[in-house]
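[1] Provided below for reference: sequence and predicted model.
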Amino acid sequence: MPDMQKKPTLSRHLWIIYILSIILLGFIWYFQWIIGLVMTVVLVGSFYYSIRTEKTLMNKTEEYISTLSHRVRKVGEEALLEMPIGIVLFNDDYFIEWANPYMNRFAAEDTLVGKSLNLLSEELIPMIKEHKNEMWFQLDGYEFQTTIKKEERLLYLFDRTTQTEIQQLYHNEQTTLSIIFLDNYDEITQNLDDTVKSQLNSKVTSVLNNWANETGMYLKRTSQDRFIAVGTKEILNQLEKSKFDILDEVRELNAERNIPVTLSIGIGLGSVDLPAIGELAQSSLDLALGRGGDQVAIKDDTGKVRFYGGKTNPMEKRTRVRARVISHALKQLVKESDNVIIMGHKAPDMDSIGAAIGILNIAKTNGVEGFIVFDPDDVSTGVYRLVDAIREEESLWQHFVDPEEAEDIISNRSLVVVVDTHKPALVSNERLLNKTEYKVVIDHHRRAEEFIANPTLVYMEPYASSTAELVTELLEYQPKSLKLKMLEATALLAGIIVDTKSFTLRTGSRTFDAASYLRSKGADTILVQQFMKEDLEIYIKRSKLIERAEVYRDSIAISKGKNGEVYGPVLIAQAADTLLTMSGINASFVISERSDDKIGISARSLGDVNVQIIMEKMNGGGHLTNAATQIEDTSIEDAEALLRDILEEYLEGGDVQ
C-alpha cells in the first residue's frame, strides 16, 4: 500500500518534465524545424515508453500487494488456529465465545464455546475481576501461564509445563546436608562394657546405613556420636512425609536393654554454597539439641525452621561437668564487667524471680554490683506475696530497678544475664540487649526459632525442672564465701517447687539435689507454702473456669472462659494443671481473654501429647508437657476452632509440622 501512494507523485514529476520538454520543443521548432521534428518523434516515443513502463510496474505492484495480503491473512489464520498457544474470547458473563483449536482439545465435547471460564480454572474469574494481568494454573496436567486482556475480553495461554518441570527438577536436586548426633552418647556408654558398647555402635550404624541406602543419601560417620549425610531436596521431601520415622526406629533400638539412645538431626538447605549449607545444618543441630534432642530441625537459606519429633522428655544428664564449666565461665564474665543487669520475662513468676536473685548472689560474691530489672506494674497475683517479702528485705530490694532506670545504669561493659526465657520479645526490657555486647542466657525451656542475638554464653538445659534449678547448680561452684540468705534460698526453692508442681512433674535426681542444697542454706518450706497461697476469690474464679471444660477425643480437656471475662496467665495455667489431675485426662488446654486484648492458651500434658509442638503451631512454645501461646486479633471461638484443627491433625498424623 505505501508504493501505491508514491506512484501518483512519480507520474506528476514525469508530466512536469514532458510539459517543460514540449515548451522547449516549441522553441526548437521555431528556430530549427528539422531538429524539432526529430525531437518530437523522440519525445513521443519516450512518452509512450514511460506510460507503458509505469503501467507495467503498477500492475506488478498491485499483484505483489494482493499476494502479500493473502499471505498475511493466511499466516494470521494459521497463527490463530495452528500455533501451540491458547486463545480464548469470553463475554461479559465470563462464558467462552470462541477458542482456537489448541484450546478446544481440552474440551470434553470438542469445543469450549458456551462453557464458563471456571472450566479452565476456578481462580480465573476472580483474577479477571481483580484486574490481574497474569496468572498460572494447571489444566489436565499442563501448567499454563495466562495473560489476561480484560478490556478485549481475551486470554492468551502459554504452555509452561516443560519450564515448570525443569524448575522442579532443579529444586529437587538442590543439595541438603544433615548432621546426625547421638544424644548423650558419652553418658549412655560410660558405664557399658566394651561388648555392649560395640553392639550398640554396630546396631546404630547398621540402622542408619540401611536408612541412608533406602532413601538414597550418602552417609559417613565422622566420630563416635556424629554422622554426616548428603542428600537432595527430593529425598528430604520424602523424609518429611514419613515424619522422620528414623527417630522412632533408633529410640526403640535398645528398649529391651533400657539404653535411651536417641538422635538429633540438623539439616541445612537452600540456593547457597556448600559452606553456607553446612553452617545452616550446624545451626539446625544446635537448635534441635537446645530443644532437648530426639528431634529434627530443618533450616533453609531464608531462616525458616521446621521441626519434627521431640516426642520424649529430655533425658537428665547425670554429670555436672557442664554446670561447673558454665559456672566458672560466668564468674569470669562477671569479674570483667562494670556491673551485672539481670532480667527475666515479662509478668515474672516464681522461677524467674528466684533465678534472678540467684544470679544477683553470683555477682555480689565476685565483688560486682548487680541489679534485677523489675516492673512493679507487671506483677501477677501468683508472686505478689514473694515480692512483698522482698520489699521488706531492704538489703535485697535495693537491687531491684525498674526497666527505665536500668537503661541509665547499663554501660557498654555491663553484663546482661537473661533468665527463664531466651526470646528477646519476652524480656523485661528488650532495649537493654542492644546496649552491651556481653549477654548470658540461662533457661530451661526448649529452644525456639526466636533467640537473643549473639549471646556470649548460653546455658540451656531442657531436662531441668526450672531455671532456679540450673542457677542453684551454678551457685554450688561459686567461691565458698557465697552466703545465701534465708529469703534468697527460699525464693529459689519456690521457683523449683512451683515449676515441678511440688516435685511431681519434670523432676529428676538433680532437682532433689538442688532442693537439698537450698534447704541446707536455710530455705523455708513453710514460707514457700505461704508464698503459694491464693485468695478465695481467685480459687472460685478458677473453679468456674474448670467447670466449663469439655472432653475431646476421650482424653483431652478443653476449657474456655466467657467472652468479656479476663483471666491472668497464672490462673489459666493453674486451671490447666488442675484439669490434668482428672481421671482419664492426658492433656488439657485452657483458653481465655487476657488484659492485653490477646487470647491466651495454656497447655499441659502427661507426656503422651506433645503440647509444645501444638503451641508452636499457634506461634507459642514451651515444653513437651508444659506450653502456652498468645494470639492477637482473634476471638475465643476462633482460637478454639484453630486448636481443634491442629489437635485433629496431630492425632491423625501422629505429629504436627
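    In hand now; what should we look at? Residues are numbered from 1 along each chain as shown.

[2] mind listing what the residue positioned nearest the centre of the chain touches?
    In the chain, the residue lying closest to the centroid (Cα atoms, centre = their mean) is Lys304, at 4.0 Å. With contact set as Cβ atoms under 8 Å, 6 or more residues apart in numbering, Lys304 has no partners. C-beta: built from backbone N, CA, C; applies to glycine.

[3] quick one, phi/psi of it?
    phi -70, psi 140 (degrees, to the nearest 10).

[4] quick one: it and Ala297, what's the gap?
    To Ala297, Lys304 is 11 Å away according to Cβ to Cβ, to the nearest Å.

[5] need phi/psi at the residue lying closest to Leu415 once chain neighbours are set aside.
    Spatially, and ignoring its direct neighbours in sequence, Leu415 is nearest to Ser337 (3.8 Å; Cβ to Cβ, 6 or more residues apart in numbering). When read as degrees, to the nearest 10, the backbone of Ser337 gives phi -100, psi 160.

[6] count of neighbours near Ser337?
    If you count neighbours by other Cβ atoms under 10 Å, Ser337 ends up with 22.

[7] same thing with the one 3 residues further on?
    Counted with other Cβ under 10 Å, residues neighbouring Val340 total 26.

[8] pretty sure it sits against Phe371.
    Yes: the criterion here is Cβ atoms under 8 Å, and Val340 meets it with Phe371 at 7.2 Å.

[9] now the common contact residues for these two.
    Residues touching both Val340 and Phe371 (Cβ under 8 Å, 6+ apart): Leu360.

[10] phi and psi next, for Ala229.
    When read as degrees, to the nearest 10, the backbone of Ala229 gives phi -130, psi 130.

[11] surely it touches Tyr218?
    Yes: proximity of Ala229 to Tyr218 meets the contact threshold set by Cβ under 8 Å, at 6.7 Å.

[12] which one's more surrounded, those two?
    Per other Cβ under 10 Å, whichever of Ala229 and Tyr218 has more neighbours is Ala229, with 21 against 10.

[13] quick one: residues contacting the more buried one.
    Residues counted as contacts of Ala229 (Cβ under 8 Å, 6+ apart) are Leu177, Ser178, Ile179, Ile180, Ala212, Met217, Tyr218, Leu219, Lys220.

[14] among those residues, name the buried ones.
    Leu177, Ser178, Ile179, Ile180, Ala212, Met217, Leu219 (16 or more other Cβ atoms under 10 Å).

[15] quick one: which of the residues you listed is nearest to Ile452?
    For these, the minimum distance to Ile452 (Cβ to Cβ) is 23.2 Å, reached by Ile179.

[16] is that closest one in a helix, a strand, or coil?
    Of the three states, Ile179 takes strand according to DSSP: H, G, I helix; E, B strand; the rest coil.

[17] wait, it touches Ser283, no?
    No: in this structure Ile179 lies outside contact range of Ser283 using Cβ under 8 Å: 9.9 Å.

[18] joint contacts of those two?
    Looking at what touches both Ile179 and Ser283 (by Cβ under 8 Å, 6+ apart), the common residues are Gly266.

[19] distance-wise, check Asn586 relative to Lys364.
    To Lys364, Asn586 is 45 Å away according to Cβ to Cβ.

[20] hang on, I meant Trp98
    Separation of Trp98 from Lys364 (Cβ to Cβ): 87 Å.

[21] give the buried residues for stretch 594-602.
    In stretch 594-602, residues buried by neighbour count (16+ other Cβ under 10 Å) are Arg594, Ile599, Gly600, Ile601, Ser602.

[22] list just the nearest of the buried ones among the contacts of Ala229 to Gly310.
    Ile180 (15.9 Å).

[23] now for the closest one: which residues touch it?
    By Cβ under 8 Å, 6+ apart, Ile180 lies in contact with Leu208, Leu219, Arg226, Phe227, Ile228, Ala229, Leu263, Ser264, Ile265.

[24] could you check how far it is from Thr421?
    Between Ile180 and Thr421 the distance, using Cβ to Cβ, works out to 30 Å.

[25] backbone phi and psi for Met343, please?
    Torsion angles, degrees, to the nearest 10, at Met343: phi -150, psi 150.

[26] and the closest residue to it other than its chain neighbours, how many neighbours?
    Excluding the flanking residues, the one nearest Met343 by Cβ to Cβ, 6+ apart is Val373, at 3.8 Å. Look at Val373: counted by other Cβ under 10 Å, it has 26 neighbours.

[27] what's the answer for Gln612, then?
    By other Cβ under 10 Å, 28 other residues sit near Gln612.

[28] does it touch Phe307 like I think?
    No: Gln612 lies out of contact with Phe307 (Cβ under 8 Å); the separation is 9.1 Å.

[29] pLDDT value on Ile298, please?
    With respect to pLDDT, Ile298 scores 92.

[30] quick one: it and Val305 touch, right?
    Yes: using Cβ under 8 Å, Ile298 is in contact with Val305, at 6.7 Å.

[31] higher neighbour count, these two?
    Set Ile298 next to Val305 and count neighbours by other Cβ under 10 Å: Ile298 wins out with 26 against 17.

[32] mind checking what secondary structure the more buried one has?
    Ile298 ends up strand, using three-state DSSP.

[33] which residues touch it?
    Shown in contact with Ile298 (Cβ under 8 Å, 6+ apart): Leu236, Glu240, Ile267, Leu269, Ser284, Val305, Arg306, Phe307, Tyr308.

[34] which residues sit in contact with the fourth one?
    Each residue near Leu269 by Cβ under 8 Å, 6+ apart is listed here: Gln174, Thr175, Thr176, Leu177, Lys233, Leu236, Ile277, Leu280, Ile298, Lys299, Asp300, Asp301.

[35] surely the fifth one and His171 touch.
    In other words, Lys233. Yes: if you go by Cβ under 8 Å, Lys233 and His171 touch, sitting 6.0 Å apart.

[36] between those two, which is the more surrounded one?
    Lys233 (17 against 13).

[37] the more buried one: what's it in contact with?
    By Cβ under 8 Å, 6+ apart, the residues touching Lys233 are His171, Asn172, Glu173, Gln174, Thr176, Leu269.

[38] so which of those residues are in strands?
    Among the contacts of Lys233, the subset assigned to strands under DSSP state E consists of Thr176, Leu269.

[39] of the contacts of Lys233, which is the nearest to Leu247?
    Of the contacts of Lys233, the one sitting nearest to Leu247 (Cβ to Cβ) turns out to be Thr176, at 17.1 Å.

[40] I'd like the distance between Arg446 and Ile228.
    Separation of Arg446 from Ile228 (Cβ to Cβ): 25 Å.

[41] ok, the two, which is more surrounded?
    More crowded of Arg446 and Ile228, by other Cβ under 10 Å: Arg446, with 26 against 16.

[42] which residues are in contact with each of Ala229 and Tyr218?
    In contact with both Ala229 and Tyr218: Ala212, using Cβ under 8 Å, 6+ apart.

[43] in this structure Leu302 contacts Gly270, no?
    Careful, residue 302 is Thr and not Leu. Yes: here Thr302 lies in contact with Gly270, judged by Cβ under 8 Å, at a distance of 7.2 Å.
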